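*Asks:* Below is the sequence, then the predicted model.
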Amino acid sequence: MLNDTGIVLNSAVLQPFVDIHKVTGLDSAQYRTTERDWEGNDGGFMDAEFEKGRNVVLDGTVYSDTGTIEDYLDDLKANYAPTTTLQNFYFKAPGVSERLLFVKPLGCRYDWDELRRTGQASIQFSMFAEDPRIYDSTLLTASVPLGAVVYTGFGFDLGFDFGFGGVSSTTDQVTLLIGGNRPTPPIFVITGPVTNPRILNDITGAELRFNITLDVADTLTIDTKYKTVRLNGTANRRSALISPDWYFLEPGSNTLRYRAEAASASTLSIWYRNAWR
C-alpha cells in the first residue's frame, strides 16, 4: 500500500482488486562500486561500501468488471502519481512484521488489450527509494529527561497496530535494543529550556555537541540521516553543531546519555525504526 490511505494491493476480497504476481527490488540493493588496477601487480581493487537507491517494480493483474475497471484504473494512477516528497510504501510478508520503504512513485503502466473484454488488465507499478534501507513500519520513541528519571518509549504503527519498543533505562541514561540487521538513523528532538546540550553514545564514544541556548518553547530537531539541525522545525541551525560526530544506532544494545551545561525541564526524544538490508 502506498500512503496510509492508499489502495491495498493483493487483497483479493471483492472486485475490483489487483493481484500482484511479481515484485522486484526488495532483494539486496545495488552497490555503488569503484574498481581500480593494482599497479605493478596482477589483479586490482574494488570498493563497494555504499548502496544505490532501489528501483521497485510490482507486476500484477487488475480484476474488475467492464463497467468499473476504468474508474479503478484512474484511482490507481492517482495513487501512484509522481510527487516531490517521499511517500510511505508498506508491504507485508508472511512470518515477519510489516515493513516500509520511503519512495517516490513513478506511476503505473497498462495496455488496452483483449483482457479488457473480461474486466481485466495487466498492470505494472514503479517507484524509487532514495534511501535503500527497508524499515519496520513501527516507529519507536524513547525519552531522556535531563538529570531525571528516564521513561521507556512506545511504538506506534502509523494507523496500524500498537507495539512496544525494546527500551531499558536508569536515572541518567537510556539503553535502546535495536532490531534489524543494519544500522538505523535516529531523529533526536531536544526541548528547551537548555544551554549547550550534548548527546553521547556510550557504545561507540561518538558525541553530538551543540553551542546553542533553547528557550522553554523551543525545540531542536537533529536528523542523523540527512545531517540536518533545525530550530523549531524550520530554521537551519547546523552551525550550532560544534562536534559533528554523526552516528547511527547499531543492531543490539545502544546506550545514550543526554547532558547540558544548564537546563531545568529539558527532554531528549529519540525516534527510530529497525532497519533491514
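*Replies:* In hand now; what should we look at?

*Asks:* can you map out the helices along the chain?
*Replies:* Using DSSP state H, the helices of the chain run over residues 69-79.

*Asks:* Check which helices and strands the top strand by length along it sits against.
*Replies:* If you go by DSSP state E, the chain has its longest strand at strand 99-110. On a contact count with 3 or more Cβ pairs under 8 Å, 6 or more residues apart in numbering; DSSP states H and E, strand 99-110 meets strand 54-63, helix 69-79, strand 87-91, strand 120-129, strand 134-136. Glycine gets a C-beta too; all of them are placed from N, C-alpha and C.

*Asks:* List the neighbours of that strand that are in contact with it.
*Replies:* 2, 54, 56, 62, 73, 76-77, 79-83, 85-93, 121-131, 134-137, 276 (Cβ atoms under 8 Å, 6 or more residues apart in numbering).

*Asks:* Try it again at 7 Å.
*Replies:* Applying Cβ atoms under 7 Å, 6 or more residues apart in numbering, the external contacts of strand 99-110 come out as 2, 54, 56, 73, 76-77, 80-83, 86-91, 121-129, 131, 134-137, 276.

*Asks:* in this structure, which helix or strand is least confident?
*Replies:* strand 155-156 (a mean of 42; mean pLDDT, DSSP states H and E).

*Asks:* picking up where we left off before, walk me through which strands the longest strand of the chain pairs with, and which way each runs.
*Replies:* According to DSSP bridges, strand 99-110 forms sheet pairs with strand 87-91 (antiparallel), strand 120-129 (antiparallel), strand 134-136 (antiparallel).

*Asks:* could I get the ones you listed as a markdown table with mean pLDDT and distance to S97?
*Replies:* Putting these into a markdown table (pLDDT from 0 to 100; distance: least, Cβ to Cβ, whole Å) gives the following:
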| stretch | mean pLDDT | distance to S97 |
| --- | --- | --- |
| strand 87-91 | 98 | 11 |
| strand 120-129 | 97 | 18 |
| strand 134-136 | 98 | 6 |
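
*Asks:* Specify the beta-bridge partners of S253.
*Replies:* Assigned bridge partners for S253, using DSSP bridges, are L177.

*Asks:* Now do the same for it: its pLDDT.
*Replies:* Per-residue pLDDT puts S253 at 94.

*Asks:* circling back: what subset of the contacts of strand 99-110 is buried?
*Replies:* Neighbour counting over the contacts of strand 99-110 (16 or more other Cβ atoms under 10 Å) leaves 2, 54, 56, 73, 76, 80, 87-91, 121, 123, 125-129, 131, 134-137, 276 as the buried ones.

*Asks:* okay, and for this protein, where does confidence drop off?
*Replies:* Low-confidence segments of the chain (pLDDT under 70): 147-172.

*Asks:* unless I'm mixing things up, R277 is touching N181, no?
*Replies:* Yes - look at R277 against N181 with Cβ atoms under 7 Å: they come within range, at 5.8 Å.

*Asks:* okay, now P105: neighbour count?
*Replies:* Applying other Cβ atoms under 10 Å, we find 21 residues neighbouring P105.

*Asks:* For it, give the beta-bridge partners.
*Replies:* Going by DSSP bridges, P105 forms beta bridges with M127.

*Asks:* Residues contacting stretch 264-273, please?
*Replies:* Contacts of stretch 264-273 (Cβ under 7 Å, 6+ apart): 135-136, 138-146, 184, 186-194, 199, 249, 256, 258, 260.

*Asks:* Show me the domain layout of the chain.
*Replies:* Domains of the chain are assigned by automatic domain parsing as 17-132, 138-276.

*Asks:* Let's have these in JSON lines, adding distance to G6.
*Replies:* Listed next are those as JSON lines, based on distance: least, Cβ to Cβ, whole Å:
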{"stretch": "domain 17-132", "distance to G6": "5"}
{"stretch": "domain 138-276", "distance to G6": "11"}
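
*Asks:* Highest mean neighbour count out of those domains?
*Replies:* A comparison of those by mean neighbour count, using mean count of other Cβ atoms under 10 Å, puts domain 138-276 on top with a mean of 17.

*Asks:* Between the two ends of that domain, how far is it?
*Replies:* Domain 138-276 has an end-to-end distance of 13 Å (Cα to Cα, to the nearest Å).
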